[in-house]
Each structure stands twice: as structure tokens, then as C-alpha cells.
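Asker: give me coordinates for this.
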Amino acid sequence: RVQKEKWSLYWRTSMNTKTELLDPFVMDVTPTMKCADVKAKIAERFTWEPVSQLLRLEGFEENWELMVFEGRECADDSTLEDCE
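Answerer: Coordinates of the predicted model:
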């Protein structure tokens, strides 16, 4: 899923959130793979710009990317095995 925010430059807050379902695809992963690597592969698959090249609006402090497994956030440096 991709969550898109409609951001107010005046109020400096999200005014609307829209969640879009991505097209399904198959990806080879291993339990020892880092979450950051999985997110990078997904971004590459959908030809998204790298996070380091995205422009951040003033006041926007949230993470660009978030990986969640069974309702828990997975840290970039954790492995998929750690997220279980």
C-alpha cells in the first residue's frame, strides 16, 4: 500500500490521507535480509525516487517510508526474521 498525504502549506499539517493499493508482484527475499533492503527493492520495482532525493516540506518530520509487519513497525536495520 501507498499512503499519500494532501499537505496544507498554510496550516503545515496533513489535510487528507489517501491509501492506494499497489499492483501485486513477486519478490525473492530471505529471512536475514534487512528491512531497508526490502524497501529499496520495492522502490526500485515501482521506479520511485530514492528517499535521499525527495524534497521535504517545512514542518514535515515523519518518515518517508514505513514497513509494518503484523501491526508492528520494522526498523530499517532489523532483519525480516526480527520482525516476526
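Asker: what ranges does this structure have for its strands?
Answerer: Using DSSP state E, the strands of the chain run over 2-8, 13-20, 67-69, 72-74.
Asker: and the last one, what other elements does it pack with?
Answerer: Contacting strand 72-74 under the criterion 3 or more CB pairs under 8 Å, 6 or more residues apart in numbering; DSSP states H and E are the following elements: strand 67-69, helix 80-83. C-beta coordinates here come from the backbone N, C-alpha and C atoms, glycine included.
Asker: mean pLDDT and mean neighbour count added to these, as TSV?
Answerer: Below are the helices and strands packed on strand 72-74 laid out as TSV (pLDDT from 0 to 100; neighbours: other CB atoms under 10 Å):
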stretch	mean pLDDT	mean neighbour count
strand 67-69	90	14
helix 80-83	92	15
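Asker: dump those to a markdown table, plus distance to residue 42.
Answerer: Below are the helices and strands packed on strand 72-74 laid out as a markdown table (distance: least, CB to CB, whole Å):
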| stretch | distance to residue 42 |
| --- | --- |
| strand 67-69 | 9 |
| helix 80-83 | 13 |
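Asker: confidence score at the most centrally placed residue in the chain?
Answerer: The centroid of the chain falls nearest to residue 65 when counting by CA atoms, centre = their mean (2.5 Å). Residue 65 carries a pLDDT score of 89 in this model.
Asker: check residue 60 too.
Answerer: 76.
Asker: repeat that for residue 40.
Answerer: Confidence score, pLDDT, at residue 40: 92.
Asker: which of the strands of the chain has the lowest mean pLDDT?
Answerer: For the strands of the chain, mean pLDDT drops lowest on strand 2-8, to a mean of 86.
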